[in-house]
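Participant: Here is my input; please provide its structure:
(one chain, ligands or ions: 8)
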Amino acid sequence: MQAPVKTVFLSQVLLIVFIILHVEALKPHLLSRRSVTRSSSLHRSVFYKTFYFDQQIDHFGFLENGTFKQRYLVNDEHWHKNGGPILFYTGNEGDITWFCNNTGFMWDIAEELAAMLVFAEHRYYGESMPFGNESYSNAKYLNYLTSEQALADFAVLIKSLKKTLPGAQNSPVIAIGGSYGGMLAAWLRMKYPNVVIGSLAASAPIWQFSGMVPCGDFYKIVSQDFANSGINCSKNIRRSWTAINNVSSTAEGLQWLSQEFGLCSSLKEEDINDFKAWLQETWVNLAMVDYPYEANFLQHLPRWPIKVVCTHLRFDTDVSDKQLLHGISQAVRVYYNYTGSAVCLNVSETATESLGIRGWFYQSCTEMVMPMCTDGVQDMFEAMAWNFQAFSDECYALFGVRPREDWADTVYGGKNISSHSNIIFSNGGLDPWMSGGVTKSFSESLVAILIPDGAHHLDLRFNNEYDPPSVLLARELEVKYFKQWIKQYKSAH
Ligand SMILES: *[C@@H]1O[C@H](CO)[C@@H](O)[C@H](O)[C@H]1NC(C)=O
Ligand SMILES: *[C@@H]1O[C@H](CO)[C@@H](O)[C@H](O)[C@H]1NC(C)=O
Ligand SMILES: *[C@@H]1O[C@H](CO)[C@@H](O)[C@H](O)[C@H]1NC(C)=O
Ligand SMILES: *[C@@H]1O[C@H](CO)[C@@H](O)[C@H](O)[C@H]1NC(C)=O
Ligand SMILES: *[C@@H]1O[C@H](CO)[C@@H](O)[C@H](O)[C@H]1NC(C)=O
Ligand SMILES: *[C@@H]1O[C@H](CO)[C@@H](O)[C@H](O)[C@H]1NC(C)=O
Ligand SMILES: *[C@@H]1O[C@H](CO)[C@@H](O)[C@H](O)[C@H]1NC(C)=O
Ligand SMILES: *[C@@H]1O[C@H](CO)[C@@H](O)[C@H](O)[C@H]1NC(C)=O
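Facilitator: Ligands and ions are numbered 1, 2, ... in the order given. A predicted model of the protein is given here:
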């Protein structure tokens, strides 16, 4: 038997809408990871006007007094002046137009609530660059990329909109976000309750931080999704890592693997960890977007894509290494070649370029430290422990900064959020990020909604004929809470 691969200590950093990155795999691609996704033709048309707001680069110090243009999108076709609410999307780590296009829920309910829709871009993503094209060029410029600064941006923007838009003075504002955007929506309500009357935090893992939840839960959920989607599916994936080690131990085997997977460039011995990381990331992404209908979020995929993946892995769990890997190679093509347009598979690419991978990686290396681990028993991956020191060293080597492991706990309240109000935490039972989510209500105004058949923030997507009843119910409840908050606000004003 081959010695266990000397992989990285480091598990993965998850881009939170959420892509997994193995630090080791990431290094060479940090600046070059690119899209394999083309823009969606599946989402309904959305119409918005684009604006730019002069935003302070540094809200918390006075020496850096420069400003930058923060992009935001507005649709007010259904808005009732003098009282109609503002639904405010707290942008996450990527191009805001992409989140706007993928947050159909807001578009679906705008008319019923007579609401204005605003989608605000997160600093350092999309077009909202504090130092223009130099923003990522050094640690001094990156220094202002924090969730606290982003929240302050949102609060300042909301105050300004209410002040300057005719008829908005009395508009209650509700924050909505998914994933990291959902964390921001929840935190915006916690930190600036004077600015938003309530928040919907969809698939927001606000507890995926050190010491709050077990580090293995995330990958356990990924594995359950595969175990529940086809016979022998997760078992065969679990075996595939050893099969890859076996086969890749010879030059002939490496050649075979490269051909079997239709890779763009031939694997070398030193690429095997990257290759396995790419596969692992693929399974994770599938778990996030295991939607009940054909969709194009991270990739263009069929309905219930994991079921389709598993049709390629329905065989005995003792087939030969090559037979097993043949199945795996067919299975990953469901993710990378559903449209039939992939010329070859590129192990440097896993998801849409609308996401800002460099930025999220920096955030993970500073405040957003999210421990992840696997054991190969409760999950279908190779065992890998969480090692904060090693993670910190990687971060230092990459950015010249070290993460502050306990800061998120201190600044955002950790597991004790009971003093807050008017926040809805929704989570999907199929979504691995549920592992760090709030899944039990604290009070009547701090509520958890579970969507057993939902993947990553399914509730934020456009209504669809294949939506399971559980997500329809969730959306109904969410709107009910919005109306309640609006009523409370109106009776107080
Ligand atoms: C694979 O992806 C990387 C990163 O986006 C890119 O630099 C490279 O050119 C791609 N290779 C091929 C053959 O497309
Ligand atoms: C910003 O700082 C510069 C350099 O210290 C100073 O010249 C300028 O007056 C400041 N501008 C504002 C608006 O404070
Ligand atoms: C979002 O939709 C708009 C309008 O349909 C389109 O112009 C834009 O390219 C889309 N953005 C992304 C990232 O798909
Ligand atoms: C940024 O843009 C300016 C002007 O377009 C150019 O001179 C400069 O080289 C660019 N810097 C980087 C880091 O791309
Ligand atoms: C890998 O090689 C070992 C030793 O030859 C063998 O026992 C095992 O069945 C092979 N495949 C897998 C998936 O473990
Ligand atoms: C699953 O694997 C077991 C054990 O190898 C085997 O007996 C069974 O036939 C497999 N099921 C299918 C559907 O291939
Ligand atoms: C993708 O699918 C098309 C159509 O089936 C096929 O011709 C092509 O070879 C596939 N690409 C890869 C990399 O498997
Ligand atoms: C949680 O916070 C509340 C409000 O600050 C406080 O009253 C309570 O004692 C805390 N609970 C725990 C278990 O620390």
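Participant: what helices or strands is the longest helix belonging to the chain leaning on?
Facilitator: In the chain, with assignment by DSSP state H, the single longest helix is helix 469-492. Here helix 469-492 touches helix 104-113, strand 173-178, strand 198-202, strand 423-428, strand 446-451, going by 3 or more Cβ pairs under 8 Å, 6 or more residues apart in numbering; DSSP states H and E. Using the backbone N, CA and C atoms, a C-beta is placed for each residue, glycine as well.
Participant: Compare the ones you listed and report which one is nearest to ligand 6.
Facilitator: Between ligand 6 and the helices and strands packed on helix 469-492, the tightest spacing by Cβ to the nearest ligand atom is seen for strand 423-428, at 27.7 Å.
Participant: which residues are contacting that closest one?
Facilitator: With contacts defined as Cβ atoms under 8 Å, 6 or more residues apart in numbering, strand 423-428 is touched by 186, 189-190, 198-204, 206, 417, 433-434, 437-439, 445-459, 474, 477-478, 481.
Participant: swap the cut-off to 6 Å and go again
Facilitator: If you take Cβ atoms under 6 Å, 6 or more residues apart in numbering as the criterion, strand 423-428 is touched by 186, 189, 199-203, 434, 437-439, 446-451, 454-455, 458-459, 474, 478, 481.
Participant: Confirm Phe275 sits in a helix?
Facilitator: Yes: according to DSSP: H, G, I helix; E, B strand; the rest coil, Phe275 belongs to a helix.
Participant: count of residues packed around it?
Facilitator: Close neighbours of Phe275, defined as other Cβ atoms under 10 Å, add up to 20.
Participant: One more: Ile86?
Facilitator: Other residues near Ile86 come to 23 when the count uses other Cβ under 10 Å.
Participant: contacting residues around it?
Facilitator: Here Ile86 is in contact with Met116, Val118, Ser171, Val173 (Cβ under 6 Å, 6+ apart).
Participant: Which parts of the stretch 201-350 of the chain are helices?
Facilitator: 217-227, 233-247, 251-260, 272-288, 305-311, 321-336 (DSSP state H, counting those that start in this stretch).
Participant: what's the closest of those helices to Thr350?
Facilitator: helix 272-288 (4.9 Å; Cβ to Cβ).
Participant: tell me the SS of the residue in the stretch 51-200 of the chain positioned nearest to ligand 4?
Facilitator: Across the stretch 51-200 of the chain, no residue is closer to ligand 4 than Asn133, which sits at 3.8 Å (Cβ to the nearest ligand atom). Of the three states, Asn133 takes helix according to three-state DSSP.
Participant: separation between it and Tyr141?
Facilitator: As for Asn133, its distance to Tyr141 is 10 Å (criterion: Cβ to Cβ, to the nearest Å).
Participant: again, but for His457
Facilitator: 31 Å.
Participant: Those two: which is more packed in?
Facilitator: Neighbour totals were compared for His457 and Tyr141, and His457 leads with 29 against 17 (other Cβ under 10 Å).
Participant: Tell me who's in contact with the more buried one.
Facilitator: Gly178, Ala202, Ser203.
Participant: Kindly report the same for Ala383.
Facilitator: Thr374, Asp375, Gly376.
Participant: count of neighbours near the first one?
Facilitator: The local packing count at Thr374 equals 24, with neighbours defined by other Cβ under 10 Å.
Participant: repeat for Lys322
Facilitator: By the criterion of other Cβ under 10 Å, Lys322 has 15 neighbours.
Participant: confidence score at it?
Facilitator: For Lys322, the pLDDT comes out at 98.
Participant: what residues are up against the closest residue to it other than its chain neighbours?
Facilitator: Leaving aside its sequence neighbours, Lys322 sits nearest to Val247 (Cβ to Cβ, 6 or more residues apart in numbering; 6.7 Å). Contacts of Val247 were listed using Cβ under 6 Å, 6+ apart, and they are Gly253, Leu257, Asp321.
Participant: just checking, the last one touches Ala243?
Facilitator: Yes: under the criterion of Cβ atoms under 6 Å, Asp321 makes contact with Ala243 at 4.0 Å.
Participant: follow-up on the earlier one: which among the helices of the stretch 201-350 of the chain is found nearest to Thr410?
Facilitator: Among those, the nearest to Thr410 by Cβ to Cβ is helix 217-227 (22.5 Å).
Participant: Is that closest one positioned near ligand 6?
Facilitator: No: in terms of Cβ under 6 Å from any ligand atom, no part of helix 217-227 sits within range of ligand 6; the closest distance is 12.2 Å.
Participant: ok, and for stretch 161-174, which residues are buried?
Facilitator: For stretch 161-174, the neighbour count (16 or more other Cβ atoms under 10 Å) marks Leu161, Lys162, Leu165, Ala168, Ser171, Pro172, Val173, Ile174 as buried.
Participant: Make sure I have this right: the fourth one is in a helix.
Facilitator: No: with three-state DSSP as the criterion, Ala168 is located in coil rather than a helix.
Participant: From the contact counts, what lies against whatever helix or strand Phe68 lives in?
Facilitator: Here Phe68, judged by DSSP states H and E, is contained in strand 67-75. Packing partners of strand 67-75 (3 or more Cβ pairs under 6 Å, 6 or more residues apart in numbering; DSSP states H and E): strand 49-56, strand 116-120.
Participant: Kindly recompute the last result at 7 Å.
Facilitator: Identification of packing neighbours for strand 67-75 by 3 or more Cβ pairs under 7 Å, 6 or more residues apart in numbering; DSSP states H and E yields strand 49-56, helix 96-101, strand 116-120, helix 147-164.
Participant: ok, and what's touching the longest one?
Facilitator: So that's helix 147-164. Defining contact as Cβ atoms under 7 Å, 6 or more residues apart in numbering, one finds that helix 147-164 is touched by 53, 55, 59, 70, 72, 88, 90, 118, 120, 122-123, 168-169, 171, 173, 184, 187-188, 191-192, 195, 367, 411.
Participant: pLDDT weak spots in this protein?
Facilitator: 1-44, 351-354 (pLDDT under 70).
Participant: which parts of it sit against ligand 8?
Facilitator: Contact residues (Cβ under 6 Å from any ligand atom) of the chain with ligand 8: Asn416, Ser418, Ser419.
Participant: of the residues you listed, closest to ligand 5?
Facilitator: Asn416 (45.4 Å).
Participant: Distance check, the closest one against Ala175.
Facilitator: 21 Å.
Participant: now swap in Phe154 and tell me
Facilitator: Applying Cβ to Cβ, the value for Phe154 to Ala175 is 8 Å.
Participant: anything in contact with each of those two?
Facilitator: Thr90, Leu188.
Participant: So stretch 68-81, near ligand 3 or not?
Facilitator: No: judged by Cβ under 6 Å from any ligand atom, stretch 68-81 stays clear of ligand 3, getting no closer than 9.3 Å.
Participant: end to end, how far does that stretch reach?
Facilitator: Terminal residues of stretch 68-81 lie 29 Å apart, using Cα to Cα, to the nearest Å.
Participant: mind listing what's buried in it?
Facilitator: In stretch 68-81, counting by 16+ other Cβ under 10 Å, buried: Phe68, Gln70, Arg71, Tyr72, Leu73, Val74, Asn75, Asp76, His78, Trp79.
Participant: How far off centre is it?
Facilitator: The chain centroid and the centroid of stretch 68-81 are separated by 24 Å, computed with Cα atoms, centre = their mean, to the nearest Å.
Participant: related to what we said a few turns ago, the helix or strand just after the strand holding Phe68 to strand 198-202, inter-axis angle?
Facilitator: For strand 67-75, the following helix or strand on the C-terminal side (DSSP H and E) is strand 86-90. Orientation check (axes from the mean of the first three to the mean of the last three Cα atoms, to 10 degrees): strand 86-90 against strand 198-202 gives 40 degrees.
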